[in-house]
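Engineer: could you work out the structure for the sequence below:
(one chain, ligands or ions: 1)
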Amino acid sequence: MASRDGDGWVACRCGARHWGLHGAAGLVLWRPGADGPQVLLQHRAGWVHDGGTWAVPGGARDSHEDPVRAALREAAEEVGVRAQDVEVGATLTGTDHGDWRYDYVLAEASPAAEVHAANDETADLGWVGLAEEPGLPLHAGLARDWDRLVAAVTAVTG
Ligand SMILES: [Zn+2]
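Structural biologist: Got it, this is the predicted structure:
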């Protein structure tokens, strides 16, 4: 088990605090659906930062992790998805403030992939179709990047 040295707040030059001493990453897990691709969203538990909103599973990177490794580890911890059941695609930078960055890792879920609320940071999970507005209160960062992510997933799914 590698050491977990990424947990902590960064006082960023933008004036905000961000979670993740070495930045953070999230997994945009998608699967084909009858009406086009669907993305897995996590309803964040009320007690976590920005709790009660919907986001993609993810969290702080450790110093030895690239965004892909961090996103896969966090997704395994939070929603139970196994790395061998996903096919990692492109990485998109969501935020880069110099002092802190957040990257999205796109990945296709294989038919064998199973997800469940695997820890207490996860209140609920849902597969959300990309064909229309999600109709859920999105985490502010995800709301800002949503259209780009939809475009990126749509591009790889045709
Ligand atoms: Zn910042």
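Engineer: can you check which strand is longest in the chain?
Structural biologist: Longest strand in the chain, counting residues (DSSP state E): strand 86-96.
Engineer: on contacts alone, who are the packing partners of the next helix or strand after that strand?
Structural biologist: On the C-terminal side of strand 86-96, the nearest following helix or strand under DSSP states H and E is strand 101-109. On a contact count with 3 or more CB pairs under 8 Å, 6 or more residues apart in numbering; DSSP states H and E, strand 101-109 meets strand 24-31, helix 67-79, strand 86-96, helix 140-157. C-betas here are computed from N, CA, C, even on glycine.
Engineer: rerun that using 10 Å as the cut-off
Structural biologist: For strand 101-109, the packing partners by 3 or more CB pairs under 10 Å, 6 or more residues apart in numbering; DSSP states H and E come out as strand 17-19, strand 24-31, strand 38-44, strand 58-60, helix 67-79, strand 86-96, helix 140-157.
Engineer: quick check, that strand touching the ion?
Structural biologist: No: figure legend: strand 101-109 not in contact with the ion (CB under 5 Å from the ion); closest approach 8.9 Å.
Engineer: partners of that strand, with directions?
Structural biologist: Neighbouring strands of strand 101-109 in its sheet, by DSSP bridges, are strand 24-31 (parallel), strand 86-96 (antiparallel).
Engineer: any idea how far it is from the chain center?
Structural biologist: 6 Å (CA atoms, centre = their mean, to the nearest Å).
Engineer: give me the angle between it and helix 140-157.
Structural biologist: With axes from the mean of the first three to the mean of the last three CA atoms, to 10 degrees applied, the angle from strand 101-109 to helix 140-157 works out at 40 degrees.
Engineer: now the element after strand 101-109, going C-ward?
Structural biologist: Downstream of strand 101-109, the next assigned helix or strand under DSSP H and E is strand 122-129.
Engineer: and the protein, which residues reach the ion?
Structural biologist: Cys12, Cys14, Ala16, His97.
Engineer: phi, psi for the nearest residue to Thr53 once chain neighbours are set aside please.
Structural biologist: Nearest residue to Thr53 in three dimensions, chain neighbours excluded: His139, at 4.2 Å (CB to CB, 6 or more residues apart in numbering). Backbone dihedrals for His139, given as degrees, to the nearest 10, come out at phi -50, psi 140.
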